[in-house]
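Chemist: The following comprises the amino acid sequence and a computationally predicted model.
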Amino acid sequence: MNTLSIKSIKDLPPEENLLSGTAMCAGCGGLLALRHCLKALGEKTVIVNAAGCFTLLSIYPFTPFKGSWLYTAMASAPAGAQGVRDALDILIKKGRIKPDEDLKVVVLTGDGAAYDMGLSSTSGAIYRDLDFYYICYDNEAYGNTGFQWSGATPYASKTATTPVGKISPTGAEVSKKNLFEIWRSHKPPYLATISPAHQVDLFNKFKKAEKYKGPKLFISHSPCPPGWATDPSHSVKLAKLSVDTGIWALKEAVYGEAAHTLVPKKFKPVEEYQQEQGRFAHLFKPVRQEEALKKIQEGVEKYWKGIKG
């Protein structure tokens, strides 16, 4: 098992375990993050894919993965992972496969499944101490069905079900659910947030996670050009801005003990991140919504108060 960390993107493995030519949207931040996740995990994997945007990765009878792939309903991917893990353990115990032929079981979901529909299933898997990886690509809405509001949608975001108008001039009226803290309360062996703009941080977190048996959970902030109304070529820029403005905190927790892995030396104004996205355009035109903008900026500053790099 290679658990060595890297220092530069030049040190990333050249091997690709997620091949090109999928039906995913151009500029998908989640797809870029997954590419680097699989560089760290290797090709000996079983992907348990919950219904969502990444359903489009596999068009029958083909998949872009070098490993195996299993499709499940939106709420039941962790349960599917339990079945795969149990089957592998039984095969090894009976001598049907050798221990070195074992596979990593990897759940892959969007935020709709992670934050909402599949939350109880994930909670059960963590408490059963299921030995698996969980990757959530968080594009902050139900992207596959038209970008409807989810528990991951941030305050003041426009979605298909939180339209901007006289009744709600800000769009979404509630704040994003803190999934990191919900999962951290379970005290899993390893939990981390990741970003497609910080590949070294991402890769090293997966390598660190290999040391632990049990649940290993990752949440990737994932720019979505169609839903966020952004230029597909700006996805990495937006992912970086989300970290530089403090909107997306890069951190990890080992058995519930949390630490930040990157703290910007100087935070950029949150507006720099929001102004790049059509889903927040109503905050600036035709009239600046100062109260909403102030609420968002103060919320970010409150989170980071007292946190040092």
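Modeler: Structure received.

Chemist: Walking through the stretch 51-200 of the chain, point out its strands one by one.
Modeler: In the stretch 51-200 of the chain, strands defined by DSSP state E, counting those that start in this stretch lie at 68-72, 104-110, 132-138, 190-194, listed in chain order.

Chemist: For the second one, enumerate the helices and strands it packs against.
Modeler: In terms of contacts (3 or more C-beta pairs under 8 Å, 6 or more residues apart in numbering; DSSP states H and E), strand 104-110 is packed against helix 29-41, strand 45-50, helix 77-93, strand 132-138. For the C-beta atoms, the positions are set from N, CA and C on the backbone; glycine is no exception.

Chemist: That strand to strand 45-50, inter-axis angle?
Modeler: Compare the direction of strand 104-110 with that of strand 45-50 by axes from the mean of the first three to the mean of the last three C-alpha atoms, to 10 degrees and you get 30 degrees.

Chemist: Strand 104-110 pairs with which strands, parallel or anti?
Modeler: Looking at strand 104-110 with DSSP bridges, its partner strands are strand 45-50 (parallel), strand 132-138 (parallel).

Chemist: and if you look at the first one?
Modeler: Partner strands for strand 68-72, per DSSP bridges, with pairing direction: strand 45-50 (parallel).

Chemist: Which residues outside the strand it pairs with are in contact with it?
Modeler: Strand 45-50 has contacts (C-beta atoms under 8 Å, 6 or more residues apart in numbering) with 17, 38, 55, 57-58, 65, 67-77, 80-81, 84, 88, 103-110, 113, 118.

Chemist: What residues does the residue minimising distance to the centre of the chain make contact with?
Modeler: The centroid of the chain falls nearest to S220 when counting by C-alpha atoms, centre = their mean (2.5 Å). The contact partners of S220, taken as C-beta under 8 Å, 6+ apart, are 29-30, 33-34, 37, 135-138, 193-196, 202.

Chemist: If we ignore the residues flanking it in sequence, what's nearest Y155?
Modeler: S175 (4.7 Å; C-beta to C-beta, 6 or more residues apart in numbering).
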